[in-house]
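Trainee: for reference, the sequence and a predicted model appear below.
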Amino acid sequence: MKVLVLGASGFIGLPVAQAFVRAGHVVYGLTRSQAKAKLLSAEEIIPVVGELDNPEPWLQLIPTLDAVIDIIGGSADIRTLSKALLETTSNAAKSTRPAYAPKLTYIYTSGTWVHGEDRVNPVTDSTPCNNPAELVAWRVEQEQWVIKDPVLNGIVIRPALLYGRSGSLFAPLFKSASEGRVAWYGRPGGRYALIHCDDAADLFLRAAEKAQVVGGNIFDGANDQTESVDDFLQKLVEVSGAKGPYEYIPPSNLYETALSTTSLLRPYLARTLLGWRPLKAGLTDGLPTYYAAYLASTGQ
C-alpha cells in the first residue's frame, strides 16, 4: 500500500508510520518542519513538509494513495481542522481518482473519552455514546461524518489513554513524580481504559490492511481490562521514590476532567474483525519500564 500519515512525527503518528514501514508499505509522513522531516527520513518514511491548513503539498498524492490516516493532535482548533481535512480529502478523491478505483481509505483518530464517565455500566465499541466527556463531545458527530462519507472508505479508531515511550498524557505526572510528588486529577475509585502506543500502531496497521472489508466500522483500541487508578498511583510512588501518599487534584478545566474519566471499556470489534490483540504489559505492571523510558526521553 501507499499510505499518508497526517501527524507522522507525533506521539501516535510516528509509531503508526513505523509500523507501516515494517510491514513493507510505502509511507508518506506529513510534518511541519525540516528537522522532523530528517527524523522521518531516518525511519524510511517519505517526508512531506507542509501545514494541515495548506494541503497543496500532500493533496498531490491523493490520486495514487491507498489510505490516508488522520492522527492530528495538539491544535487549538482541532474540531474545525478535523472537519476540514475530511472534506478536503473527500473532494480531492472525488475529483482526481478514477470512478472505477476502489474508495480511498480514510482512518480518523478519535478516542475512548467519547464514552464518557460511567463507573457502573460496561461499554463496548458499539455502545451509543450518550454521555461523552465534554472536551471531546464534538468527536461523536465527526466519527459519523467519517464512516458515512460517500466518497471515502471511512474507518474510526478510538485509542484509549495512551502510555509508553515518552509518557504521552502521563508525562506531567511522571515529571511531578520525579520531583518527589505524585498528584493527579480525579477522585478515588477510578479506572483507566489504556493502550500502549505500539499496540495502538498495530491496530491502525491491521485496519488499513483490511480496510476494504471493514470500512464503515468504529474500533475501540484498548487493553482487555481497565486498571485501577489508585493502584497505578501507589505503584508510581514506589517506582519513582516520591514521597507518599499520592494525592488527587480536583479537575479545574475540561481537559483535566477528561483525564480523570472512568469508562469500564470492554472492546471486541478489533479482536473479532481484525484479529488484533494488545501484547504490551499493562501500565501498572510495566510501570518500572515505562517510567524509566520517560526519564530517558527527558535526558534524566
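Mentor: Here it is on my side, so go on.
Trainee: tell me the contacts of the nearest residue to residue 260 once chain neighbours are set aside?
Mentor: Nearest residue to residue 260, sequence neighbours excluded (Cβ to Cβ, 6 or more residues apart in numbering): residue 186, at 3.4 Å. C-betas here are computed from N, CA, C, even on glycine. Applying Cβ atoms under 8 Å, 6 or more residues apart in numbering to residue 186 gives the contacts 229, 248-249, 251, 259-260.
Trainee: farthest pair within these?
Mentor: The distance between the two most remote of the contacts of residue 186 (Cβ to Cβ) is 13.1 Å, for 229 and 251.
Trainee: in the protein, where is pLDDT below threshold?
Mentor: Scanning the chain for pLDDT under 70 picks out 74-76.
Trainee: please redo it, this time with the cut-off set to 90
Mentor: Where the chain drops to pLDDT under 90, the residues are 9-10, 32-35, 50-57, 72-77, 99, 167, 244, 299-300.
Trainee: ranges for the helices of it?
Mentor: 13-22, 34-42, 56-59, 78-96, 138-147, 171-178, 197-209, 211-214, 229-240, 254-259, 269-274, 287-297 (DSSP state H).
Trainee: dump those into TSV; add mean neighbour count as well.
Mentor: Shown next, in TSV, are the helices of the chain (neighbours: other Cβ atoms under 10 Å):
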stretch	mean neighbour count
helix 13-22	24
helix 34-42	14
helix 56-59	15
helix 78-96	17
helix 138-147	18
helix 171-178	18
helix 197-209	23
helix 211-214	16
helix 229-240	19
helix 254-259	17
helix 269-274	16
helix 287-297	17
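Trainee: in a markdown table: the ones you listed, plus distance to residue 160.
Mentor: Below are the helices of the chain laid out as a markdown table (distance: least, Cβ to Cβ, whole Å):
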| stretch | distance to residue 160 |
| --- | --- |
| helix 13-22 | 15 |
| helix 34-42 | 26 |
| helix 56-59 | 28 |
| helix 78-96 | 18 |
| helix 138-147 | 14 |
| helix 171-178 | 16 |
| helix 197-209 | 8 |
| helix 211-214 | 19 |
| helix 229-240 | 13 |
| helix 254-259 | 12 |
| helix 269-274 | 12 |
| helix 287-297 | 15 |
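Trainee: nearest to residue 7, of those?
Mentor: Comparing those by Cβ to Cβ, helix 13-22 comes nearest, at 4.0 Å.
Trainee: and the closest one, how far out from the chain's middle?
Mentor: 13 Å (Cα atoms, centre = their mean, to the nearest Å).
Trainee: what's near enough to touch the nearest residue to residue 93 once chain neighbours are set aside?
Mentor: Nearest non-adjacent residue to residue 93, counting by Cβ to Cβ, 6+ apart: residue 104, 4.5 Å away. Listed by Cβ under 8 Å, 6+ apart, the contact partners of residue 104 are 62, 65-68, 89, 93, 97, 151-153.
Trainee: residue 58 now?
Mentor: Contacts of residue 58 by Cβ under 8 Å, 6+ apart are 4, 6, 28, 30, 48, 50.
Trainee: give me that answer again for 6 Å
Mentor: For residue 58, the contact set (Cβ atoms under 6 Å, 6 or more residues apart in numbering) comprises 30, 48.
Trainee: from now on call the first residue 719
Mentor: Happy to do that; since the first residue is 719 now, the last one works out to residue 776.
Trainee: do you know how far it is from residue 787?
Mentor: Separation of residue 776 from residue 787 (Cβ to Cβ, to the nearest Å) stands at 12 Å.
Trainee: and for residue 842?
Mentor: Distance from residue 842 to residue 787, by Cβ to Cβ: 24 Å.
Trainee: how many neighbours does residue 817 have?
Mentor: 5 (other Cβ atoms under 10 Å).
Trainee: residues in contact with it?
Mentor: By Cβ under 6 Å, 6+ apart, residue 817 has no neighbours at all.
Trainee: quickly note the distance from it to residue 962.
Mentor: 65 Å.
Trainee: now do residue 815
Mentor: 59 Å.
Trainee: of the two, who's got more company?
Mentor: Neighbours were counted for residue 815 and for residue 962 using other Cβ under 10 Å; residue 815 has more, 17 against 13.
Trainee: what about the more buried one, distance to residue 786?
Mentor: 12 Å.
Trainee: now swap in residue 814 and tell me
Mentor: In this view, residue 814 and residue 786 are 13 Å apart by Cβ to Cβ.
Trainee: ok, now residue 957?
Mentor: 39 Å.
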